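Asker: sharing a model prediction with you, sequence too.
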Amino acid sequence: MTDTTSIMTKKRSYGGLSTGTVAPWVICTAILLVLPYVFQSNSALTIMNQMAITIVFALAYNMLLGQGGMLSFGHAVYMGMGGFMCMHVMNWVEYQNIPLPLPLLPVVGGLFGMGMATIIGSFSTRTAGTVFAMISLGIGELIAASSVIVVAFFGGEEGVSGDRTYGLPVFGYEFLTKIEVYYLTAGWLVLSALLMYLFSRTPVGRMANAVRDNPERAQFLGYSARWVRFYSFCASGFFAGVAGGLFAINFEILTEENLNLVTSGSILLITFLGGVGFFFGPIIGAIVFTLLQSVLSLQTELWQLYVGALFVLTVMYFPGGLAGVIMMHVAPYKLGKLGTLVVPYFKTVLPAAIGILGLASFCEIMFHFKHAAVGENDMSLFGIEFSTHSPLPWIVIVGVTLVCFWIAKRNSAELRETWGNANVLSSPKEGGAQ
Amino acid sequence: MTAALELEGLRKSFGKTEIIRGVDLSIGKGERHAIIGPNGAGKSTLFNLITGRFPQTSGHVRLHGHDLAGKAPFEINRMGLSRSFQITNIFPKMTVFENVRCSLLWSMGYKYSFWNMVSKSRALNEGAEEILEQINLTSRRDLPAGVLSYAEQRALEIGITIAGGADVIMLDEPTAGMSNTETDYIVGLIEKVTEGKTLIMVEHDMGVVFGLCDRISVLVYGEIVATGEPEAVRADQAVQEAYLGAALEAEH
Amino acid sequence: MELVLVILIDGLVYGLLLFMLSSGLTLIFSMMGVLNFAHASFYMLGAYFAYQISRYMGFWPGLILAPIIVGLAGAAIERFGLRKVHQYGHVPELIFTFGLALLIEEIVQFFWGKNQVPYDAPEVLQFALFSIGTNEIQAYKVFMIAISVLIFLCLLYVLTKTRVGMIIQAALSYPRTVEALGHNVPFIFMGVFGVGTALAGLAGVIAGPQLGTFPGMAFLLGSIVFVTIVIGGLGSLWGALVASLLIGWMTTFAASYNIAMADILMAVGFEMPEDMSEHALRDIWSLTLPQIGPILPYLLMVVILVFRPYGLFGKRDA
Amino acid sequence: DTVKIAFVDPLSGPFSPTGTNGYAEFQYAAEKLVNDQGGVLEGDMFEIVGFDNKMSPKESLIQVQVAIDQGIRYIAQGNSSGIAHAITDAVNKHNRRNPDDRVLFLNYAAVDPALTNDACNFWHFRFDANADIKMDALTDVMAKDEDLKKVYVIGQDYSFGKSVAAAAVRNLGEKRADVEIVGNELHPIGKVKDFTPYARKIVSSGADAVITGNWGADMVGLGKAIIDAGFDGPIYTYYAASNGITRTFGEQGTGHIYLVSEGAVNPPASDRTAAYVEGFEAKYPDHDITQPRIANTIEMLAKAINEAGTATDVVKVAQALEGMEHDSIWGGKLFMRPDDHQIIQNVDIQEHTSEGLQFYMDASEWGMKLVSEVEMAGMDSPTTCKMKRP
Amino acid sequence: MLDVRDLHAYYGKSHILQGVNLNVQEGEIVALLGRNGVGRSTTCKAIMGEVEPHGSVTFKGQEIAGKKAFEIANLGIGYVPENRDIFPGLTTRQNLILGLKPGQKDEDGRWSMENMFEMFSNLRERADVEASVMSGGEQQMLTMCRTLMGDPDFVMIDEPTEGLSPQMTQRVAELLNQIAARGVATLLVEQKLSIAMDIAHRVYVMGHGQVVFEGTPAELKSRDDVRKEWLEV
Ligand SMILES: Nc1ncnc2c1ncn2[C@@H]1O[C@H](COP(=O)(O)OP(=O)(O)OP(=O)(O)O)[C@@H](O)[C@H]1O
Ligand SMILES: Nc1ncnc2c1ncn2[C@@H]1O[C@H](COP(=O)(O)OP(=O)(O)OP(=O)(O)O)[C@@H](O)[C@H]1O
Ligand SMILES: CC(C)C[C@H](N)C(=O)O
Ligand SMILES: [Mg+2]
Ligand SMILES: [Mg+2]
């Protein structure tokens, strides 16, 4: 759970941003700039935008969960509310033609999200823990339910839609094309991510951690645990609202789903999958999850099965989330022993991966066998066509799976060994002992 | 001059049992004052009342003449009073360094600001490093505080308390669980950092008490049975029976 | 008026059903601190297992076997999954159960398909026991009431007459120390989880015929169960019971009376705007009680948590 | 090259039963009615590509975008008018912003009248009779029932449910002023855990008949509760068949459940119809023909493409579809009304029964049997649609 | 009774115990001394199986290294942890009840709850108060009593006099002697040399994760070098 700060402060670089902190940002921004040239199709852009939005939302969520230790089951509310407000503003801009340039819309969302957070937070942040969690759940359900009732604001089941292009053009951009929207979104992504990162470095941000660990002690250091929570909550609400604004710009429609429990739940899953302990964790989580949801679901009807399995396995074996897996390698890297891991990884992780694919294939072929239309015996996996009604493919898949897992199992000992050594300054005795 | 801390007819009951039964006590500025007494006498409770952890049932607590009635712990702390806990109370998941740095934030005037970067303030970080030096935990700087050994955690507890540089410092059994040698070191440290400040401590180690403090109050069953110079208290018959018993011989 | 009587009975049935779910969850959530979002999924498993069994052996064997199977499954999941996660804290546990819920739903769909399955009450109970006015009360409902009361009594015994409760509560803060005192904490946890899930399973077995047995049934009841035990107060069996009945009756009554907001507003003396279509508050005016019925429990929960954070009967701060 | 049709509907999650069933019907229709007939134009085959929208507007829009990028020109969707509203709006914008890869929206089940009225647009075609038309047919039958005195209207709280309720009140008012509407209410969609209280109200209101547009779990739940509560009148529904509903109602449903739809298969209109259904039942044992209109959709699209002589210039195809007349495989005529793109077809009232069936549903011994038919229902129904044509 | 040979223990990467050897005989009190952080508590934890022990630990001639904590406890080893671990939310009495082994009744063992209350009257007064609110000293007494309720044949007590008033300290010293008198062996981790010296039959001094001195209190008194090097700064 150690925060990335501990790694930063080691460099004792008080004042002045060290290259260590600036570099990642520059690199990420650069990547964002070139991505559209790598993935040019509109759908790729759509999905990347969706990712960006989710990232902002997940980061905002982690301000609560990771840094404030507040577990919320209703955070969709703040994103959704922000989004709905933006939709309405978008429409006003259209009808009253108010001169509000589209790129500023997310600010509106942010402010509205923060407004909501201020109201709800005023009573929900009194305590963390179960009470907070359950209040957030209740509020979430209430708002979601009222969204189908209060048609005037939420537009009922159809939701509220608008048209981003009717606002006044900015430097000649009307945001007709996806690419324009992409750069708008990416810009906001970098900006809000940076702001959230800096927030975690401010006194409030630091105290959020303290309050998370031991609210009472914080009181005796001059800080009111409640106010600290409240501030992080509002900040989080703001960025959630920004995400909502971006959503409004991208999809030009908001509906009940932007508020409901499913959305609130998945952002929790996303954040955790990425890793709550590290600032960049949620980013990874958002990317992976979006891919699973929008791309994997094109490949297989069983995608939810795999998602479920992914979560179960992640928490069981990598409680630090994907980011945790990455950070695990920092120590070996510092000791310059990352190289020693390559071979064992190759010998263990590779077969394991194949084994897992094999397992998945097994599910697929079984699913096809059970549910495919009569006579449609042929299916294709990884580009290979075969009939699910002939024994051969079954034998092959089962065989491959078992063999791979066996190999992985056999080599895992060696991996553990090397892993141990890679984490200590040397002296095999210590390494072997873990 | 007004006393640094003044207790007047202070009472506290939990349910029907009255734990603090009317304590009157006045501690002057710059005084080092020890509160001793049998287990369960109410020393920690007294601390909790003063620091606003519990509301008192009746009576007054005054810090530099200001009544603390109804003030929350954080408000009292901002008025320049800082305390440590008998049962270690730190931020287990944060690094030792972070623990100390957080305890400096308010006193250095950062308050709830979200426009300052903690990592940028030289004063803040060097201040924290300094404290670490003083409590001999520099070597454990980046470990999560939760994994320190018991005595190390006690040291950190004290570090967090004195870091803020409050002018009234209350320590609840600072040397508990420390070996004699550690004890000597910590006592020295306390002596140093509380120079010119007001110190109120609860301690069962008579050596420490008599070595460090200007005045001593003996609390027995929620009442102060004696207050005065160490020698006077030591001589006091009532105290002998109620508390010290054969201890003195044991210690000296 | 006789409808009231009918509603009281229906509310009781629904309430006790909730209780059977929440009682299981009180064990798991209040005692072990596991926010078990898969709880309703075990309820679903109970229904499906019972359905499968009933196709070969009829309803009654299912009533016994299905909960046992679910309980064993639950215990196994605790042993080989949750136990590993437990050490990492409550959020990971929660995520684990989230994933579990997804898995269970997919697995159910895989074996029993996406459609509702024809799982019915036993013939012997498929008759109108008596009818109030034109409304008939099915014998099966009375049966449901009986079972739930039975469960309540059993639990009450276990929790008050054994050390289990204490051990678990102690183990929440200092598991190692409790073990060092000679208690097999892991085993007890496994047992509790098993029993808790078995209860959920039982609830499914008897609710399936009533509320329908389909892959969505778990999600439908998902969060309301938490609401129940939070309102009742964590760790309090009585609380769970009272809260369940409260919610049962509340929602039933809400659904049964078309009290319209318009009437209330006008009673209070507001003017009904003639052109409703464009009025800003039109939705408030057209609001009816059944519309908001399902969200009343959440409203209640929020209010209670704000003013009484430990719930109606909870001792500790929830 | 092949003509691809994107099928954007829930293939996972609680709403997937209707989705997967429709998917099967589309695939079968494409294969039997087009590909086996040698395809369209010079031998181009139809291909149905499934996209799982998880019943979520957001996902729907993403998937539609993905589909468009795969060069797909035809979007088929039906599950929930809510989503249909989102898609028709998105398609409209897309076509305006990207004149060179426009797409058509083939709505095969979302029956909120608004879609062919205020919310209509040139790119949207509805192959299902809308809620008003269906209600018109339904109330025609009800009106004939002399001793019908009291009716209870209940539905899901969203656009479709609301329009059903409105239509019911309007039609009954016109046709049987003497009939009293003893109840007219909406319940949250997909949220009600126990329908008993609603049933109680209905029973104690003394209603002789119930009208509901409920579908999915809300349909079974409501229906069973009503019958359990001791109600013994008819329940007039839109979607109380198949997807486990028929099987779950079982014997209880006989004499209670009536349903308005098109293309009744008991009795089949012709040998061709029978063969078609048999083929389907054989190929997809755990599905049924629940949405006969899907066959019409495919046939008319194929016809339009042939007439237009192109599958890629959707404007031409759309123009061919407008005003198209076609003989449905289910018997009777089909007419795509040009001024609102609402199909006009025969609408059937069917009943849940176990007698005199040639085709059963849910692999059970129950099914739906034709009671009466309304020729070219809603032919002259009014519309407020003013669409801009390219 | 208890025999520890070449015991190693690790926390993550850090090698804390580097081959500890010690033994305890029936009814004797053995003190384990050393600076803060040398690993005395870790030694207890390793014996108890709370940290993974590497090496051999035999109790009543039976190898217990690698056994689970509750199994070890049920073999008759009691452990009083240094930071009290009072169970919150439970009353003093309930805390004591949890000291009983599964199936064991009060009165079964050498000590009954009544004895405890006699020894420490504070506890009786607070018997039905939530234990976690009790005073530091009271909690210290409670942990000790809780462990004794389980009627162990061998107890490891980590810093029992911590936070106790001089009087109470005396009382605890007496208690320890009683324990020994009832044939229970004791491993005492203690900071206050004075007490350890008074009541211990033998003392071990730890340093660098190993035992660096073994002998009687008298011998230790005579060995200034050891005291200088291993007990003082
Ligand atoms: N919240 C409470 N409810 C009931 N009794 C309490 C509560 N808090 C403390 N007590 C009782 O008040 C008495 C005084 O407690 P306190 O912690 O002040 O003692 P102390 O003087 O600090 O003793 P020690 O030296 O052992 O720490 C104790 O007997 C304790 O059991
Ligand atoms: N959980 C842990 N993770 C990492 N290191 C630990 C952990 N617990 C203890 N240590 C380290 O192991 C060493 C020995 O700890 P231990 O608690 O045994 O010391 P001790 O001899 O009991 O001293 P004390 O008088 O403080 O109790 C200490 O340096 C401590 O920092
Ligand atoms: C597929 C149908 C159940 C969808 C429903 N008719 C609607 O318009 O929402
Ligand atoms: Mg105290
Ligand atoms: Mg220790």
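Answerer: Looks like it came in fine. Ligands and ions are numbered 1, 2, ... in the order given.
Asker: can we go C-alpha only for contacts and neighbour counts from here?
Answerer: Fine.
Asker: any stretches of chain D with poor pLDDT?
Answerer: Along chain D, no part satisfies pLDDT under 70.
Asker: how about the residue minimising distance to the centre of it, secondary structure?
Answerer: Geometric centre of chain D, nearest residue: D:A109, 3.3 Å, by Cα atoms, centre = their mean. With DSSP: H, G, I helix; E, B strand; the rest coil as the basis, the three-state label of D:A109 is coil.
Asker: so it sits against D:I83, correct?
Answerer: No. In this structure D:A109 lies outside contact range of D:I83 using Cα atoms under 8 Å: 11.2 Å.
Asker: how many residues are close by D:K144?
Answerer: 11 (other Cα atoms under 10 Å in any protein chain shown).
Asker: quick one: it and C:L245, what's the gap?
Answerer: Taking Cα to Cα, to the nearest Å as the measure, D:K144 falls 45 Å from C:L245.
Asker: picking up where we left off before, so what's the residue nearest to the centre of chain D closest to, chain neighbours aside?
Answerer: Spatial nearest neighbour of D:A109, chain neighbours left out: D:G78 (4.1 Å); criterion: Cα to Cα, 6 or more residues apart in numbering or on different chains.
Asker: correct me, but the one you found touches D:L115?
Answerer: No. If you go by Cα under 8 Å, D:G78 and D:L115 don't touch, sitting 11.7 Å apart.
Asker: report pLDDT for residue 211.
Answerer: In the absence of a named chain, this looks at chain A. pLDDT, A:V211: 94.
Asker: that's the wrong chain, I meant chain B
Answerer: For B:G211, pLDDT reads 88.
Asker: need the residues of the stretch 151-300 of chain C near chain E, please.
Answerer: For the stretch 151-300 of chain C, the residues in contact with chain E (Cα under 8 Å from any Cα of the partner chain) are C:163, C:166-167, C:169-170, C:173-174, C:176-184.
Asker: residues near whatever residue of the stretch 151-300 of chain C ends up closest to chain E, how many?
Answerer: As assessed by Cα to the nearest Cα, chain E sits closest to C:G182 within the stretch 151-300 of chain C, at 4.1 Å. Counted with other Cα under 10 Å, the burial measure for C:G182 works out to 26 neighbours.
Asker: ok, now which ones touch the spatially closest residue to D:R126 that is not a sequence neighbour?
Answerer: In this structure, D:R126 finds its nearest non-sequential neighbour in D:N107, 4.7 Å apart by Cα to Cα, 6+ apart. Counting by Cα atoms under 8 Å, 6 or more residues apart in numbering or on different chains, D:N107 touches D:A76, D:Q77, D:G78, D:A84, D:H124, D:F125, D:R126, D:F127, D:D128.
Asker: with respect to chain C, which of the residues you listed is nearest?
Answerer: D:G78 (18.2 Å).
Asker: phi first, then psi, for the closest one.
Answerer: Backbone torsions of D:G78, given as degrees, to the nearest 10, read phi -150, psi -20.
Asker: and residue 201, how many neighbours?
Answerer: By default, I'm working from chain A. A:R201 has 20 nearby residues by other Cα under 10 Å.
Asker: you looked at the wrong chain, it should be chain D
Answerer: 23.
Asker: what about it, which SS state?
Answerer: D:K201 ends up helix, using three-state DSSP.
Asker: can you tell me the closest non-neighbouring residue to it?
Answerer: C:S256 (6.1 Å).
Asker: surely that neighbour and D:P197 touch.
Answerer: Yes. Between C:S256 and D:P197 there is a contact at 5.3 Å, judged by Cα under 8 Å.
Asker: show me the contacts for the residue nearest to D:G213 when sequence neighbours are not counted.
Answerer: Among residues not flanking D:G213 along the chain, D:Y238 sits closest, at 5.2 Å (Cα to Cα, 6+ apart). Residues near D:Y238 by Cα under 8 Å, 6+ apart: D:T212, D:G213, D:N214, D:W215, D:L259, D:V260, D:S261.
Asker: can you do 10 Å?
Answerer: D:131, D:134-135, D:138, D:164, D:211-215, D:219, D:258-261, D:349 (Cα atoms under 10 Å, 6 or more residues apart in numbering or on different chains).
Asker: which single helix of chain A contains the most residues?
Answerer: Scanning chain A for the helix with the most residues, using DSSP state H, yields helix A:338-371.
Asker: could you do chain E as well?
Answerer: From DSSP H, the single longest helix across chain E is helix E:166-181.
Asker: quick one: list the elements packing against that one.
Answerer: Judged by 3 or more Cα pairs under 10 Å, 6 or more residues apart in numbering or on different chains; DSSP states H and E, the packing partners of helix E:166-181 are helix B:247-251, strand E:29-34, helix E:113-119, helix E:136-149, strand E:154-158, strand E:185-189, helix E:193-199.
Asker: list phi and psi for B:I224.
Answerer: According to degrees, to the nearest 10, B:I224 has phi -90, psi 120.
Asker: B:L171 versus that one, what's the distance?
Answerer: 18 Å.
Asker: then E:L193?
Answerer: 24 Å.
Asker: so which of those two has more stuff around it?
Answerer: Per other Cα under 10 Å, whichever of E:L193 and B:L171 has more neighbours is B:L171, with 24 against 15.
Asker: confirm that one sits in a strand?
Answerer: Yes. Assigned with three-state DSSP, B:L171 falls within a strand.
Asker: got the contact list for it?
Answerer: Counting by Cα under 10 Å, 6+ apart, B:L171 has contacts B:34, B:44, B:47, B:82-86, B:157-158, B:161-162, B:190, B:199-203.
Asker: tell me which residues of the top helix by length along chain C come out buried.
Answerer: Ordering each helix of chain C by length in residues (DSSP H) puts helix C:185-211 first. Within helix C:185-211, the residues scored as buried using 16 or more other Cα atoms under 10 Å in any protein chain shown are C:185-186, C:189-211.
Asker: can you tell if whatever helix or strand comes next after it touches chain A?
Answerer: Elements were assigned by DSSP states H and E; along the chain past helix C:185-211, the next helix or strand is helix C:217-232. Yes. Helix C:217-232 is in contact with chain A by Cα under 10 Å from any Cα of the partner chain, via C:S223, C:I224, C:F226, C:V227, C:V230, C:I231.
Asker: pLDDT score for the fourth one?
Answerer: In this prediction, C:V227 carries a pLDDT score of 91.
Asker: can you name the residue of the stretch 251-400 of chain A nearest to ligand 4?
Answerer: Closest to ligand 4 within the stretch 251-400 of chain A is A:G277: 35.5 Å, counting by Cα to the ion.
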